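>>> Pasting the sequence and the predicted model now:
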Amino acid sequence: MLIVYWSNDTTRYLMEQKTLKILDLLNEHRLLLSEMYNGEILDRDLVVFQIAIDSKPAIFLQASRKDFLFESETTSKPDVTLFFDKAETFLAILLNGANVNDLFLKGLYRSDGNIILSQLFLYLFQRV
């Protein structure tokens, strides 16, 4: 579900524009991400990752053992929040194009909440 708000609230409009950009980037890589998805590593049926870009909630990743879905909103409480400096950093981690330890040490990636789930996220799109 993708919801876009058209109102005079420019802050909300800018947030929605950022969300659309991220979802468009993810949609461009949907097939590759589907092939890389490794949901078997999850220890429960549904995990909700809140993805914050530039310290603002942007999207949610709902992951199960069989499938995943990126959404702009969710009715589920997030299990863990992941913070990224920009959308490209998030995408680089998903596509295994970045050294997560370096990003963490530079302050470009961090997490809040369940530490085990934050670590599992790093392997969720790494089919071995």
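Yes, it's here. Residues are numbered from 1 along each chain as shown.
>>> Now Lys66. Its backbone dihedrals?
According to degrees, to the nearest 10, the main-chain angles of Lys66 amount to phi -110, psi -30.
>>> Pull the number of nearby residues for it.
Using other Cβ atoms under 10 Å, Lys66 is surrounded by 10 other residues. Every C-beta, even on glycine, is put in place using the N, C-alpha and C of the backbone.
>>> Kindly confirm my reading that Asp45 is in a helix.
No. Per DSSP: H, G, I helix; E, B strand; the rest coil, Asp45 lies outside any helix segment and is coil.
>>> which residues touch it?
Neighbour list for Asp45: 64-65 [criterion: Cβ atoms under 8 Å, 6 or more residues apart in numbering].
>>> switch the cut-off to 10 Å
Shown in contact with Asp45 (Cβ atoms under 10 Å, 6 or more residues apart in numbering): 63-66.
>>> closest to Leu122 among those residues?
The nearest member of the contacts of Asp45 to Leu122, counting by Cβ to Cβ, is Ala63 at 12.6 Å.
>>> Keep only those of the contacts of Asp45 that are in helices.
Nothing among those maps onto helices, per DSSP state H.
>>> Pull out the buried residues from those.
Ala63 (16 or more other Cβ atoms under 10 Å).
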